[in-house]
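Participant: Below is the sequence, then the predicted model.
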Amino acid sequence: MTEPVVPRRADNEVDIAELAQRVPVVQSQMFVELVSNIGKVQAVVASRRSETFFSWLVDQMTGRARAQDLDTVRSLALTQANTLAWVNELAARSAITDLALRETAVRLRVLQYDLAATRDEARYASEVAERTAAEVSGLARLLGEMATVVHGELDRQERRLDLQQRRLDLQEKRMALLEARLDDQDLFLQAVADELDGQRRVLTHLRLRQYAWEAFSRSMSRYRAGAYRSLPWMYQVALLAREVAAGACGLHEFVTGDRIHRDWLVESILDDPDSVVAWSGTRSLVGLLDEACAALPDRDDRQMVAELLGAGPDADDGSAARPLSAVLARTMRYAAGVDRSGAARSPAADALDEVRSTADGLLETSLTVPEFVHRTVDEQADAGAEARARLGDADRTR
């Protein structure tokens, strides 16, 4: 087997010295190639200069760039030293061709210039990296101080917010307490208002009672002084009761429901001397009315009394609810010749029969003085209350 041209040592590495002896031109080519490798290293350095700022900045901050720069410089220096030593050795042995030496000399000068520039740039890059690291450190310190200030301010604002929230909570509790107190005050004021309304009603009732008594006293004073005395006694009582019911006494009863004035009036009438002698015992209602008509012969007087008791042409005498008052009114109306001509019976008999046929309540044909007074006063008082209620409904519907 033929031995290879490229000799190898025991470690399988190429034996360059043996190869140079076998193929002398290899030394020149290797020399050129070695110098070229130095140029490639320079290209690596140059490519590092073309990196972006931020990647370079990161390399500077982490220290990786400086380590790479130092490795590159050491490699260049070692390669240059080895190359020069090898050149001197080869020159002494004239093992390299003149052309190779010239080409190598040119490349070495260029490499020397580039190496010097590379060292300056490395030195500059190192200085920039140190300044950048210092600036970054200062920036980091400043950011840390700013963060401390910001955190402190945020903590202060949070404490202020917490304080404000506590104050708001306290105000809400105070407001709730005030609302509860206001509710209590509202209830108290409502109770006071109700009490005042009650007192006002009591005062109103007392005033109405006082006005009713004063009005009743005036009516009785006029009656005792001769008012209604020119009329038959039955019609005196009816018209006096009508006057009292139409005044303050009727208003007092309508507002309060107190019927006290009826008792006043009945007692006063029965205590009057004319009532004592009006008649005794029980008498026929028709006979009493015939006597009344005979005592009031004037036609106009009769018609006036009839209309005062509610027996006018368009009036409702209330015969259904107030039969006694209706009989009194119709008797005088018929006696005056109104709505009656050529009747065979007396006006009283006709009036009594008509009213009894339509009356809701029982109407006795015979009465005592107290029975007549009580019934007449009650019917006139009821008539006054009905009139007030009717007028009140009319006012509300307007």
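Facilitator: Yep, that arrived. Just so you know, these numbers come straight off a predicted model, no measurement behind them.
Participant: which non-adjacent residue is nearest residue 295?
Facilitator: Nearest residue to residue 295, sequence neighbours excluded (Cβ to Cβ, 6 or more residues apart in numbering): residue 232, at 4.6 Å. C-beta coordinates here come from the backbone N, C-alpha and C atoms, glycine included.
Participant: How about the contacts made by residue 256?
Facilitator: Shown in contact with residue 256 (Cβ atoms under 8 Å, 6 or more residues apart in numbering): 205, 208, 209.
Participant: tell me which element the second one is part of?
Facilitator: Per DSSP states H and E, residue 208 falls inside helix 98-224.
Participant: now for that helix, which elements pack on it?
Facilitator: Packing partners of helix 98-224 (3 or more Cβ pairs under 8 Å, 6 or more residues apart in numbering; DSSP states H and E): helix 25-49, helix 53-62, helix 64-93, helix 233-246, helix 248-256, helix 260-271.
Participant: at 6 Å instead, please
Facilitator: Packing partners of helix 98-224 (3 or more Cβ pairs under 6 Å, 6 or more residues apart in numbering; DSSP states H and E): helix 25-49, helix 233-246, helix 248-256, helix 260-271.
Participant: what angle separates that helix from helix 260-271?
Facilitator: 0 degrees (axes from the mean of the first three to the mean of the last three Cα atoms, to 10 degrees).
Participant: if you average pLDDT over helix 98-224, what comes out?
Facilitator: Helix 98-224 carries an average pLDDT of 84.
Participant: ok so, going back, which of the contacts of residue 256 has the largest number of neighbours?
Facilitator: residue 208 (19 neighbours; other Cβ atoms under 10 Å).
Participant: excluding its backbone neighbours, what's nearest that one?
Facilitator: That would be residue 252: by Cβ to Cβ, 6+ apart, it lies 4.2 Å from residue 208.
Participant: Can you give me the neighbour number for that neighbour?
Facilitator: 25.
Participant: got the contact list for it?
Facilitator: By Cβ atoms under 6 Å, 6 or more residues apart in numbering, residue 252 lies in contact with 208, 209, 212.
Participant: Return the distance of it relative to residue 197.
Facilitator: 19 Å (Cβ to Cβ, to the nearest Å).
Participant: on that earlier part again, residues in contact with the residue nearest to residue 295?
Facilitator: Residue 232 neighbours (Cβ under 6 Å, 6+ apart): 292, 295, 296.
Participant: How about the backbone phi and psi for it?
Facilitator: phi -60, psi 150 (degrees, to the nearest 10).
Participant: quick one: pLDDT of it?
Facilitator: For residue 232, pLDDT reads 96.
Participant: Roughly how far does it sit from residue 148?
Facilitator: Residue 232 sits 119 Å away from residue 148 when distances are taken as Cβ to Cβ.
Participant: which residues of the stretch 201-350 of the chain score low on pLDDT?
Facilitator: Counting by pLDDT under 70, the stretch 201-350 of the chain contains low-confidence ranges at 312-320, 339-344.
Participant: One more pass at 80, please.
Facilitator: Within the stretch 201-350 of the chain, the ranges that satisfy pLDDT under 80 run 311-321, 338-344.
Participant: Could you give the number of residues near residue 155?
Facilitator: Close neighbours of residue 155, defined as other Cβ under 10 Å, add up to 10.
Participant: I meant residue 259, not that one.
Facilitator: Neighbours of residue 259 (other Cβ under 10 Å): 15.
Participant: in the stretch 251-398 of the chain, which spans are helices?
Facilitator: 260-271, 273-276, 285-295, 299-308, 323-335, 347-358, 369-397 (DSSP state H, counting those that start in this stretch).
Participant: by contact count, what packs against the fifth one?
Facilitator: What that stands for is helix 323-335. helix 299-308, helix 347-358, helix 369-397.
Participant: Need those in a markdown table (columns: mean neighbour count and distance to residue 246).
Facilitator: As requested, those are exported to a markdown table (neighbours: other Cβ atoms under 10 Å; distance: least, Cβ to Cβ, whole Å):
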| stretch | mean neighbour count | distance to residue 246 |
| --- | --- | --- |
| helix 299-308 | 17 | 11 |
| helix 347-358 | 18 | 22 |
| helix 369-397 | 16 | 5 |
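Participant: re the thing from before, mind checking the helices of the stretch 251-398 of the chain for the one nearest to residue 243?
Facilitator: Minimum separation from residue 243 across these (Cβ to Cβ) falls at helix 369-397, 8.7 Å.
Participant: Which one of the contacts of residue 256 is nearest to residue 257?
Facilitator: residue 205 (9.6 Å).
Participant: Just give the nearest non-adjacent residue to the closest one, would you?
Facilitator: residue 256 (4.7 Å).
Participant: Mind checking the helices and strands packed on helix 323-335 for the one nearest to residue 327?
Facilitator: Per Cβ to Cβ, nearest to residue 327 of the helices and strands packed on helix 323-335: helix 347-358, 5.0 Å.
Participant: From the contact counts, what lies against the closest one?
Facilitator: Short answer (3+ Cβ pairs under 6 Å, 6+ apart): helix 347-358 packs on helix 285-295, helix 323-335.
Participant: In a markdown table, list those along with mean neighbour count.
Facilitator: Shown next, in a markdown table, are those (neighbours: other Cβ atoms under 10 Å):
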| stretch | mean neighbour count |
| --- | --- |
| helix 285-295 | 18 |
| helix 323-335 | 27 |
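Participant: can you put those helices in TSV and add distance to residue 237?
Facilitator: Formatted as TSV, the helices and strands packed on helix 347-358 follow (distance: least, Cβ to Cβ, whole Å):
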stretch	distance to residue 237
helix 285-295	11
helix 323-335	10
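Participant: rewinding a little: now do the residue nearest to residue 205 against residue 382, distance only.
Facilitator: The value you get for residue 256 to residue 382, if Cβ to Cβ is used, is 16 Å.
Participant: Residue 332 too?
Facilitator: 21 Å.
Participant: Same check on residue 347?
Facilitator: Per Cβ to Cβ, residue 347 is found 25 Å from residue 382.
Participant: Also residue 18?
Facilitator: Applying Cβ to Cβ to residue 18 and residue 382 gives a distance of 159 Å.
Participant: Before I go, just wanted to say thanks for your time.
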